[in-house]
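Asker: Any chance you could fold what I've pasted below:
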Amino acid sequence: MKKIYFLGSCSTCIRIMKELGVNDSWEQQNIKTEKITAPQIEEMCRLSGSYGALFSRRAMKYKSMGLKEKALSEADYKRLILEEYTFLKRPVIILEDKIFIGNSKQVVTSVQEELNA
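Answerer: Residues are numbered from 1 along each chain as shown. Below you'll find the predicted structure:
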């Protein structure tokens with residue numbers, strides 16, 4: 001299985017999808033138009049080890065909601081991601097039983113290596 005969770009209005013996500021050759025053989029979910037479900041976020045957590053690993057502290061709402069000053073629990077991370085799509089660090093790529101989170105050069109390189117293996 002090849003699946004990518006992305007934001008269609010994010011130029012970085014679109015660039016990464018082009019770099020990786022994401023096509024119709026991939027399951028693609030634009031998180032703005034198709035909300036993340038509880039089972040989906042639970043599967044991502046199982047693969048990544050924590051909800052915190054999936055949480056974006058770069059989201060504009062992170063600061064505007066005063067979350068920077070709060071100690072957030074795993075339950076808080078899960079709830080926030082389900083309530084507001086911008087809190088998901090993106091893109092999230094799942095290749096079989098491996099998960100790749102975020103847009104760093106290292107993550108993209110790891111995905112390319114996995115695809116070429």
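
Asker: Report the buried residues of the helix or strand bottoming out on mean pLDDT in the chain.
Answerer: When each helix and strand of the chain is scored by mean pLDDT, DSSP states H and E, helix 60-64 comes last, with a mean of 86. For helix 60-64, a neighbour-count test (16 or more other Cβ atoms under 10 Å) marks Tyr62 as buried. In short, each C-beta sits where N, CA and C put it, glycine included.

Asker: Relative to Val108, how far out is Glu96?
Answerer: 18 Å (Cβ to Cβ, to the nearest Å).

Asker: re earlier: ok, residues contacting the least confident helix or strand of the chain?
Answerer: Contact with helix 60-64 is made by Ser56, Leu67, Lys68, Glu84, Thr86, Phe87, as judged by Cβ atoms under 8 Å, 6 or more residues apart in numbering.

Asker: what about the strands in this protein?
Answerer: 2-6, 27-30, 92-95, 98-101 (DSSP state E).

Asker: name the helices or strands packed onto the first one?
Answerer: Translated: strand 2-6. helix 11-20, strand 27-30, strand 92-95 (3 or more Cβ pairs under 8 Å, 6 or more residues apart in numbering; DSSP states H and E).

Asker: cool, the third one as well?
Answerer: In terms of contact count using 3+ Cβ pairs under 8 Å, 6+ apart, strand 92-95 is assigned the packing partners strand 2-6, helix 38-48, strand 98-101, helix 105-116.

Asker: Mind checking the pLDDT average for the first one?
Answerer: When pLDDT is averaged along strand 2-6, the result is 98.

Asker: Before I go, just wanted to say thanks for your time.
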